[in-house]
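Q: give me a 3D structure for the following:
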Amino acid sequence: MADAQISPPGATAPGTTRSQWVTLAVACAATAMLMLDIAVVNTALPSIAREFTADFSAIKWVIDGYTLALATVVLSAGAWADRAGRRFAFTIGAVVFTAASAICAVAGDMLLLNAARVVQGLGAAVLFATSLALLAHAFPGRAERTRALAAYGATIGASFAIGPLLGGVLTELIDWRAIFVINIPVGIAMLAGTRWVVESRSAAPRRGDWSGQVASMVGLAALTYGLFSANERGWTDAVTLTALIVSVVALIAFLVVESLVAEPMLPLSMFANAGFAGAQVATFAISASMFAVFVYVTVYLQGVVGMSAIGAGLVYLPGTVLMLVAAGLTDKILDRVPPWVLLATGLMAVAVGMAWMTVGGRDSSGWDLVGGFMIASIGAGVFNPVMSGVVLAESEHDDAGLAAGVNDVFRQSGIALGVAALGAFFPAQSVLHGGSPDEFVSGLHTALWVSFGIALAGALVVVATMRRARATTDDEGYPTDGRAGTADGPVDDPEVDPDGAAAVGR
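A: Down below sits the predicted model:
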């Protein structure tokens with residue numbers, strides 16, 4: 001039965017249902033909250049470090065504990081959601097994430113804070129794995145899906161860009177704990193909104209792949225720890241070498257397992273599609289460059305230049321506006337410009353922005369970085385909505401949850417490994433606790449040039465592999481769950497009650 005047709009204020013398309021509007025709002029709210037929890041924390045890191053007298057390694061785990069948990073679990077979460085129901089899984093993820101945020105807000109030491117951040121990452125993995133799949137189910141038509149993905153992509157970029165300023169305001173005017181408190185009302189609102197989200201499942205869901213799950217967790221965690229250890233102990237230290245060896249063995253084992261098991265968590269056959277494979281490399285590139293280096297740029301602004309938390313956030317504000325504008329304009333040209341052109345251009349803009357930001361020095365004002373961030377933000381604003389469309393268009397229709405999960409693995413592991421790898425260029429003693437500002441600036445310049453190279457390499461991969469990739473589907477109403485459908489939704493949508501709320505799963 002089709003959802004009851006309504007026309008809410010500001011509707012962009014006649015006949016959009018209440019279920020569709022709420023699904024879009026819930027998915028974007030979840031994405032905003034999850035991305036903010038990376039970006040907002042960046043600005044608060046100096047305050048956290050000072051309160052707990054934490055070293056540089058400990059505060060980096062505040063970021064990487066979250067992103068690693070998300071990256072290593074999101075594929076299994078997507079497969080589970082395809083079996084158990086994506087709305088049901090989304091609800092569980094929202095509960096876990098909200099509860100973990102409350103624990104972060106009351107943490108009395110770095111150990112509890114980092115442990116709660118890992119739990120946050122687990123909840124985030126479920127939310128990430130289901131949000132894009134819920135949108136795919138709610139908006140099966142090409143035109144409506146393009147608009148929904150534009151809003152979703154703009155949310156990703158804007159959240160990461162707005163995060164530093166929001167984090168600065170909350171940290172300076174209230175306390176760094178407020179950055180976690182704000183997640184609680186948002187989480188409660190999302191849970192209330194799921195009442196109008198239509199349940200969906202995969203027609204042929206995969207079983208759990210526990211061997212692959214364990215191997216991936218060990219591999220990524222050991223690699224991150226090894227990179228952190230290299231910064232503190234040196235590359236030839238026994239602990240560093242052991243961690244790196246364990247990571248190589250575990251990641252090789254993961255590839256072997258995925259090639260042998262009947263239903264792998266990461267089907268390697270998906271990467272036979274050059275467009276899909278190139279999309280993952282491009283996603284990793286923008287995450288490991290632009291989004292990873294912001295951790296160190298923010299520390300530079302506060303620890304070297306001496307800006308306040310709000311001042312550091314304001315440096316990012318002009319780029320925030322441009323990112324939103326670029327994402328909106330991308331929606332209007334997506335049907336006329338090939339996706340690979342947009343993605344490659346976006347990554348090249350990120351590369352130029354990273355190079356520009358090397359003008360920041362020991363005696364700079366901090367505002368020298370604004371121009372570079374603006375250029376990089378335009379690139380990210382173009383990149384995000386296009387990539388969301390490519391991930392869905394280049395995957396099997398019934399694997400929306402899996403495809404979204406794969407993309408999130410590369411997005412989050414890019415941030416986690418980028419933070420860890422770029423950290424090797426900085427002095428072991430934090431500039432926040434008496435370290436050399438000159439050495440930190442030298443390390444930042446190196447990290448920015450490496451980020452430049454990563455983004456440029458990502459652009460070259462896009463040109464080489466994605467010239468035939470699509471960002472929209474050819475069919476106005478292809479089935480998203482193995483069922484026939486129309487532009488208004490699958491013909492056998494679950495029964496709805498008179499006020500338009502889905503009756504499934506209540």
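Q: going forward, measure contacts and count neighbours with C-alpha atoms only.
A: OK.
Q: got the contact list for the nearest residue in space to R233 that is not next to it in sequence?
A: Nearest non-adjacent residue to R233, counting by CA to CA, 6 or more residues apart in numbering: T240, 7.3 Å away. For T240, the contacting residues are Y225, G226, L227, S229, A230, R233, G234, by CA atoms under 8 Å, 6 or more residues apart in numbering.
Q: point out where the stretch 351-500 of the chain drops to low pLDDT.
A: Where the stretch 351-500 of the chain drops to pLDDT under 70, the residues are 394-401, 404, 428-434, 471-500.
Q: what helix or strand is the residue nearest to R233 located in?
A: Remark: T240 resides in helix 238-260, with elements defined by DSSP states H and E.
Q: quick one: name whatever helix or strand follows that helix.
A: With elements assigned by DSSP H and E, the helix or strand that comes after helix 238-260 is helix 274-286.
Q: hmm, who's touching that following helix?
A: 270-271, 347, 350, 380, 387, 390-391, 394-395, 406-407, 410-415, 454-455, 457-459, 461-462, 465-469.
Q: emit the PyMOL select command for whichever of these are buried.
A: Here is the PyMOL command that selects the buried residues among those (16 or more other CA atoms under 10 Å):
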select buried, resi 270+347+350+380+387+390+391+394+395+406+407+410+411+412+413+414+415+454+455+457+458+459+461+462+465+466+469
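Q: tell me the mean pLDDT for whichever helix in the chain runs longest?
A: When the chain is scanned for its longest helix (criterion: DSSP state H), the result is helix 18-52. Averaged across helix 18-52, the pLDDT comes to 84.
Q: may I see the buried residues of that helix?
A: Buried-residue list, helix 18-52, by 16+ other CA under 10 Å: 18-49.
Q: any idea how far G453 lies from V419?
A: According to CA to CA, to the nearest Å, G453 and V419 sit 15 Å apart.
Q: looking at the two, which is more packed in?
A: Set side by side, G453 and V419 show more neighbours around V419, with 28 against 19, by other CA atoms under 10 Å.
Q: the closest residue to the more buried one other than its chain neighbours: neighbouring residues, count only.
A: The shortest distance from V419 to any non-neighbouring residue, by CA to CA, 6+ apart, is to A292 (5.0 Å). By other CA under 10 Å, the residues close to A292 number 28.
Q: now the strand or helix carrying M348: buried residues?
A: Here M348 is covered by helix 339-356, with elements defined by DSSP H and E. Using 16+ other CA under 10 Å as the test for burial, helix 339-356 gives 339-340, 342-356.
Q: related to what we said a few turns ago, report pLDDT for the residue nearest to V419.
A: For A292, the model assigns a pLDDT of 89.
Q: correct me, but V295 touches A44?
A: No: distance between V295 and A44: 10.2 Å, which falls outside the contact criterion (CA atoms under 8 Å).
Q: and M217, how far from L70?
A: 10 Å.
Q: meant to ask about F180, not that
A: To L70, F180 is 17 Å away according to CA to CA.
Q: which strands or helices does the host helix or strand of L417 pack on?
A: Taking DSSP H and E as the definition, L417 sits inside helix 400-422. If contacts are counted by 3 or more CA pairs under 8 Å, 6 or more residues apart in numbering; DSSP states H and E, helix 400-422 sits against helix 56-84, helix 110-138, helix 210-233, helix 274-286, helix 292-299, helix 370-393.
Q: A strand includes A54, no?
A: No: counting by DSSP: H, G, I helix; E, B strand; the rest coil, A54 falls outside a strand, being coil.
Q: which residues are in contact with it?
A: For A54, the contacting residues are I48, M110, by CA under 8 Å, 6+ apart.
Q: tell me how far it lies from A44.
A: 13 Å.
Q: do the same with E263
A: For E263, the distance to A44 - CA to CA - is 42 Å.
Q: I figured F294 hits T43, correct?
A: No: applying CA under 8 Å as the test, F294 and T43 come out as separate, 9.4 Å apart.
Q: just to revisit the earlier point, most surrounded residue in the contacts of T240?
A: G226 (27 neighbours).
Q: shouldn't that residue be in contact with V246?
A: No: judged on CA under 8 Å, G226 makes no contact with V246 at a distance of 9.2 Å.
Q: just to revisit the earlier point, neighbour-wise, which of M217 and L70 wins?
A: Of the pair M217 and L70, L70 is the one with more neighbours under other CA under 10 Å, namely 31 against 20.
Q: could you verify my assumption that the more buried one touches V119?
A: No: contact between L70 and V119 fails when scored by CA under 8 Å: they sit 9.1 Å apart.
Q: give me the number of residues near A272?
A: 9.
Q: between the helices and strands packed on helix 400-422, which one is nearest to A192?
A: Nearest of the helices and strands packed on helix 400-422 to A192, taken as CA to CA: helix 110-138 at 15.0 Å.
Q: now the closest one: buried residues?
A: 110, 113-138.
Q: near T146, how many other residues are there?
A: 24.
Q: try L260
A: Residues near L260, counting by other CA under 10 Å, number 9.
Q: same deal with V239?
A: By other CA under 10 Å, the residues close to V239 number 16.
Q: which residue, other than its chain neighbours, is closest to A69?
A: G121 (4.9 Å).
Q: isn't that neighbour right up against F97?
A: Yes: under the criterion of CA under 8 Å, G121 makes contact with F97 at 7.5 Å.
Q: do I have it right that the residue nearest to V419 meets S413?
A: No: proximity of A292 to S413 does not meet the contact threshold set by CA under 8 Å, at 10.1 Å.
Q: low-confidence stretches in the stretch 101-250 of the chain?
A: Along the stretch 101-250 of the chain, segments meeting pLDDT under 70 span 157, 160-161, 204-205.
Q: how about a cut-off of 80?
A: 132-133, 136, 140-147, 149-164, 201-209, 231-233 (pLDDT under 80).
Q: and the residue nearest to V419, what does it touch?
A: G414, I415, A416, G418, V419, L422.
Q: which ones are touching the residue nearest to the fourth one when sequence neighbours are not counted?
A: Taking CA to CA, 6+ apart as the measure, G418 lies nearest to A288, with 4.2 Å between them; neighbours along the chain are not counted. With contacts defined as CA under 8 Å, 6+ apart, the neighbours of A288 are G414, I415, A416, L417, G418, V419, S451, I454.
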